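Peer 1: Pasted the sequence and its predicted model underneath.
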Amino acid sequence: MNKPLFLAAVCACGISVQAAAATFAYISSPGDGLISQYSLDESNGALKLVDQVNAGDQVNPMALGPDGKTLFAALRVKPFQVQGFSIDQASGRLTPQSKAPLAESMAYLATDRAGHYLLAASYGADTLTVQAIENAEQPSDKILTYKTGPHAHSLRTDPTNRFAYSGNLGADHVLQYRFNAKTGALTPIGSGYVSVPANTGPRHLAFSANGKYLYVVGEMSGTVTAFSIEGSTGALTQIGVANGIPERLKLAHGEVRDARNNDLKDDPTPRIWAADLRISPDGKLLLMSERTSSSVSAFAVDKATGGLRFLDNYPVEEKQPRNIAFSPNGKWLLVTGEKSEKVGTYAVSDKGVLKRVGEAPSGKGALWIEVLHTSAK
């Protein structure tokens, strides 16, 4: 092959590979038991509903395996169980492939960094669980359980997969464990926790890309607490707190909620009700959702020190936003609203400014988001 033809062939090959790459979002909606699949155009933020599968009653938290080939979804009605779906790498479509029991109704689901264990937190049962993911992506029915203080709300391993942390909302603790990647066992580090101020309500977690820092959102305070992670022991040390609720929102301090008073219907006072926390792919921005004001707050992250600086708060059209998620290129933010019929896409500036650029129909009560970028050839 002569040089011009060779170059043309290389270019054509590059174009075909690029065209095959795709970004998909999966969003659970407990109100109708669906997982909705969307395609996201990362060049312009356009969002399109592709397919919906019936996952089961009260499908809620989900976890994407690190290889992008399996999606796990927890059902929050008895008998509590997790449904596994295989993901077609070309189309992104979901196919049911496994089922397994869960110990309790789970508010949070994740896998460890190797994809060998399923991690879960039960808000109502004050419990963390770990179960092996076996051949054919089948979660084991043998479950390790760990009791916590009131209202465990998250469980994730750090980027090194040596440590695990949990937001323990009702106890105002961030739990810290050593994670055994061979057995899945959790062993408390030191006393097993670090404390935050009363009525903070530690909820969801985010790690810096280098694994040196952990960020925890306070559901009732609307603050984000930054911790350094000691490299050899995994012990946490608080290094700062940033408030994400500007005075103009006129929100009173939040309260602990449960199934009996989730919407605080007997309390007319607008109260802080922060939910999700996500760090941008480049590690420079941290975004927090707040449900009462239907807004998202942006923080600048000092990558060298782990410090946070509040930038601003932006309203979103999705009412009562629960989960948010960055696109893989960091240019777009997906937002779900538990009381919205649409899922929104927002352009994200390098200063954290949000501008709504797209939308697609959502399931009923849409909340949990997992995003996958495939490079199928």
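Peer 2: Perfect, I can see it now. Source: prediction; values computed, not measured. Numbering: from 1, shown residues only.

Peer 1: For the stretch 251-377 of the chain, give me the ranges with low pLDDT.
Peer 2: 259-260, 376-377 (pLDDT under 70).

Peer 1: Need the single longest strand in the protein, by residues.
Peer 2: Counting by DSSP state E, the longest strand found in the chain is strand 186-195.

Peer 1: how about that one: buried residues?
Peer 2: Within strand 186-195, the residues scored as buried using 16 or more other C-beta atoms under 10 Å are 186, 189, 193-194. C-beta coordinates here come from the backbone N, C-alpha and C atoms, glycine included.

Peer 1: Can you name every helix or strand that that strand contacts?
Peer 2: Using 3 or more C-beta pairs under 8 Å, 6 or more residues apart in numbering; DSSP states H and E, the elements in contact with strand 186-195 are strand 163-168, strand 173-179, strand 236-243.

Peer 1: so which of the ones you listed is the most packed in?
Peer 2: strand 163-168 (a mean of 27; mean count of other C-beta atoms under 10 Å).

Peer 1: Could you check how far it is from the centre of its chain?
Peer 2: Per C-alpha atoms, centre = their mean, to the nearest Å, the displacement of strand 163-168 from the mean C-alpha position of its chain is 14 Å.

Peer 1: following the strand or helix carrying residue 119, which helix or strand comes up?
Peer 2: Here residue 119, judged by DSSP states H and E, is contained in strand 117-122. Remark: after strand 117-122, the chain's next helix or strand is strand 127-134, criterion DSSP H and E.

Peer 1: mind listing what that following strand pairs with, with the direction of each?
Peer 2: strand 117-122 (antiparallel), strand 138-139 (antiparallel), strand 144-147 (antiparallel) (DSSP bridges).

Peer 1: Show the average pLDDT along the shortest one.
Peer 2: What strand 138-139 shows for mean pLDDT is 97.

Peer 1: which outside residues touch stretch 346-353?
Peer 2: For stretch 346-353, the surrounding residues in contact (C-beta atoms under 8 Å, 6 or more residues apart in numbering) are 45, 280, 284-285, 287, 296, 298-300, 311-312, 314, 316, 326, 330-335, 354-357.

Peer 1: list the buried ones in it?
Peer 2: Buried, per 16+ other C-beta under 10 Å, within stretch 346-353: 346, 348, 352.

Peer 1: cool, and stretch 306-324?
Peer 2: By 16+ other C-beta under 10 Å, the buried positions in stretch 306-324 come out as 306, 308, 310-311, 313-314, 316, 318, 320-324.

Peer 1: Ok, stretch 81-99 next?
Peer 2: With burial defined by 16+ other C-beta under 10 Å, the residues of stretch 81-99 counted as buried are 81-87, 89, 92, 94, 97-98.

Peer 1: what about the strands in the stretch 1-150 of the chain?
Peer 2: Using DSSP state E, counting those that start in this stretch, the strands of the stretch 1-150 of the chain run over 22-29, 34-40, 47-54, 59-64, 70-75, 81-87, 94-101, 108-111, 117-122, 127-134, 138-139, 144-147.

Peer 1: any idea which of these is most buried?
Peer 2: Of the strands of the stretch 1-150 of the chain, strand 117-122 is the most buried (mean count of other C-beta under 10 Å), at a mean of 27.

Peer 1: ok and that one relative to strand 81-87, angle-wise?
Peer 2: If you take axes from the mean of the first three to the mean of the last three C-alpha atoms, to 10 degrees, strand 117-122 sits at 140 degrees to strand 81-87.

Peer 1: For strand 117-122, report the contacting residues that lie outside it.
Peer 2: 61, 63, 72, 74, 82, 102-112, 127-133, 139, 152-157, 164, 166-167, 184.

Peer 1: show me the residues around residue 41 that make contact.
Peer 2: 23, 47-48.

Peer 1: quick one, phi psi at it?
Peer 2: Dihedral pair for residue 41: phi -80, psi 110, per degrees, to the nearest 10.

Peer 1: Next, work out how far apart it and residue 358 are.
Peer 2: 8 Å (C-beta to C-beta, to the nearest Å).

Peer 1: For these two, list the residues in contact with both.
Peer 2: Joint contacts of residue 41 and residue 358 (C-beta under 8 Å, 6+ apart) are residue 47.

Peer 1: Now the two most distant members of the buried residues of stretch 81-99.
Peer 2: When C-beta to C-beta is used, the two most widely separated members of the buried residues of stretch 81-99 are 81 and 89, lying 25.8 Å apart.
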